[in-house]
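J.: Fold the following and give me the result.
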Amino acid sequence: MREIRERVVPLILVTLTLSAMFAATGAAQDTGGFAGAQRPAAYMPVVLPLREQAAIVDGWLETRMETVAPLVMRREGVDLWIIAAREYNEDPVIETMLPATWMAARRRTVLVLYDRGEGRPLERLAVARYDIGPFPRAWDPEEQPDQWARVAELIAERDPSRISVNRSETFALADGLTGTEYDQLMAALPPMYRERVQPAERLAIGWLETRTPEEMEVYPQIVRIAHRIIAEGFSARVVQPGVTTTEDVVWWYRERIRGLGLETWFQPSVSVDRWRSADEARGEGDFSARPEENVIRPGDLLHVDFGITYLRLNTDTQQHAYVLRPGEKSAPKGLRDALAVGNRLQDALTDNFVAGRPGNEILSAALARAEAEGIDATIYTHPIGFHGHAAGPTIGLWDQQGGVPGRGDYPLFPNTAHSIELNAAVAIPEWGGQVVRIMLEEDAFFDGQSTWYIDGRQTELWLIPR
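T.: Here you go, the predicted model:
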């Protein structure tokens, strides 16, 4: 462990040092938003070479095994946890436990975590033909040809009171053990141990959602990279009013992500809001379809939905830009005020983040405050982390503002990250009272006491040109 940290920490320090140098040229990292939001995004924070990325990912995994795994297993009263998958049919949890150089499980991969008691590290076992990162091999096919029989032997040797497997009716991310694998496991176990097998729903979610201090040192830079790419796309470098289409910008974003050696977990979208007739405005608020392609024109309000994946962590961001008309130096006051309403709605939501409070209660309280402040609000916030729509409490869906049974009943835990996703419908005086939805999404961290934006939030519209 010490050797891993000695390799990883210098890399993190280099990353953070470069990040601090570049931060002076763009959006400030604070809870108040983007300081100097109209400065050109001249510098892109460093993206590490793949070999160095792998060292960080593996170091983080070792730390998570030492800290997060025992924390959530003891919190949920689990003695032994089985995570199993076959090649290319990966359990979402096992994907986060494989070393960085493993692109998938191999044949059948079975990982076992056993709690030997308070004050002792978890025992880690790989019932596989190979050592698997932090899991040493615990199966010799020459001695026991049946892989599931070997799992049963390991269980009998340890005699756990509660055995958990990844099965869940509510959370897809906690339902990674296939029916075939479950049946074969149960067939291999003696009856006394079959009775001790229970779904690991809260255990799996707890593992996935909990962020470590080491991850949170670097997460701000990951979000900053996403913010800088958005800023580049929402600039005269990419947008030529009257020529560039929204799909042109979408594919510029895709190419820019690829060019930086990064990945995206969903196709970006770029849409236009402008003064339009009543017929053109029909269907507003239905987010089930992608926006149509539009030529971008002066006077347009642009919206982007954008995310990247780096070091196994994801971002999810929605921001707005305004295309200046000839002679304009800023966006119309109505649009600027509308963004401020969106920021107030963000505050109404995050002020209701309380440890232990279920997502549905947070949603209800935030909507009540928004109504009291006269905000026409829709809230659909989700966790972020190892996955884009990640593990943890769902706080509304755009078409379920009365709460989300099951996923919305899960409580908010400390040390978790969330995409604060919502919209405020605001009438714009300069557009004849036409209602515009200010759709915002920014990644935030809840430490158990307070909520802060991982790399600030948008408080000013991007201007094109600027």
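J.: burial count for Asn294?
T.: Per other C-beta atoms under 10 Å, the neighbour tally for Asn294 reads 17. Every residue, glycine included, has its C-beta placed from N, CA and C.
J.: And the residue lying closest to it once chain neighbours are set aside, its phi and psi?
T.: Closest residue to Asn294 apart from its sequence neighbours, by C-beta to C-beta, 6 or more residues apart in numbering: Val272 at 4.4 Å. Torsion angles at Val272 (phi, psi; degrees, to the nearest 10) stand at phi -120, psi 140.
J.: Relative to His320, how far out is Val272?
T.: Computed as C-beta to C-beta, to the nearest Å, the Val272 to His320 distance reads 11 Å.
J.: Comparing the two, which shows the higher neighbour count?
T.: His320 (23 against 19).
J.: Beyond the helix or strand that one falls within, next helix or strand please.
T.: Secondary structure from DSSP states H and E places His320 in strand 317-323. Sequence order places helix 333-350 as the next helix or strand after strand 317-323, per DSSP H and E.
J.: packing partners for that following helix?
T.: When contacts are defined as 3 or more C-beta pairs under 8 Å, 6 or more residues apart in numbering; DSSP states H and E, helix 333-350 sits against helix 359-372, strand 376-379, strand 416-428, strand 434-446.
J.: let's see it at 6 Å
T.: helix 359-372, strand 416-428, strand 434-446 (3 or more C-beta pairs under 6 Å, 6 or more residues apart in numbering; DSSP states H and E).
J.: State the mean pLDDT of stretch 175-195.
T.: If you average the pLDDT over stretch 175-195, you get 97.
J.: How far does that stretch sit from its chain's centre?
T.: Put simply, stretch 175-195 sits 31 Å off its chain's centre (C-alpha atoms, centre = their mean, to the nearest Å).
J.: Now tell me what touches that stretch from outside.
T.: Ala84, Asp91, Pro92, Val93, Trp148, Ala149, Ala152, Ile155, Val165, Asn166, Arg167, Ser168 (C-beta atoms under 6 Å, 6 or more residues apart in numbering).
J.: Would you mark the buried spots in it?
T.: Asp175, Gly176, Leu177, Thr178, Glu181, Tyr182, Gln184, Leu185, Ala188, Leu189, Tyr193 (16 or more other C-beta atoms under 10 Å).
J.: Could you list everything the residue nearest to Asn294 pairs with in the sheet?
T.: Per DSSP bridges, the residues bridged to Val272 are Leu302.
J.: Next, find the distance separating it from Val295.
T.: Counting by C-beta to C-beta, the gap from Val272 to Val295 is 9 Å.
J.: give me the element Met192 is part of.
T.: Judged by DSSP H and E, Met192 forms part of helix 191-194.
J.: Following the chain past that helix, name the next helix or strand.
T.: That would be, after helix 191-194 and using DSSP H and E, strand 197-199.
J.: Show me what the helix or strand following that next one is in contact with.
T.: Elements were assigned by DSSP H and E; along the chain past strand 197-199, the next helix or strand is helix 201-209. With C-beta under 6 Å, 6+ apart as the test, helix 201-209 has contacts from 72, 76, 78, 93, 164, 166, 168, 171, 173-174, 383, 386, 391-392, 416.
J.: Return the closest of these with respect to Glu361.
T.: Using C-beta to C-beta, Gly392 comes nearest to Glu361 of the contacts of helix 201-209, at 14.4 Å.
J.: so how many other residues sit close to the residue nearest to the closest one when sequence neighbours are not counted?
T.: Leaving aside its sequence neighbours, Gly392 sits nearest to Pro383 (C-beta to C-beta, 6+ apart; 3.3 Å). By other C-beta under 10 Å, the residues close to Pro383 number 28.
J.: now swap in Gly356 and tell me
T.: 10.
J.: Please report the distance of it from Gly448.
T.: On the measure of C-beta to C-beta, Gly356 and Gly448 end up 10 Å apart.
J.: follow-up on the earlier one: for the contacts of stretch 175-195, which ChimeraX command selects only the ones that are buried?
T.: Command for ChimeraX that selects the buried part of the contacts of stretch 175-195, burial taken from 16+ other C-beta under 10 Å:
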select :84,91,92,93,148,152,155,165,166,167,168
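J.: Select from the contacts of stretch 175-195 every entry located in strands.
T.: Judged by DSSP state E, strands contain the following of these: Ala84, Val165.
J.: nearest to Val436, of the contacts of stretch 175-195?
T.: Pro92 (36.8 Å).
J.: my read: that closest one touches Ala172, true?
T.: No: in this structure, Pro92 is not within contact of Ala172 by C-beta atoms under 6 Å, at 7.5 Å.
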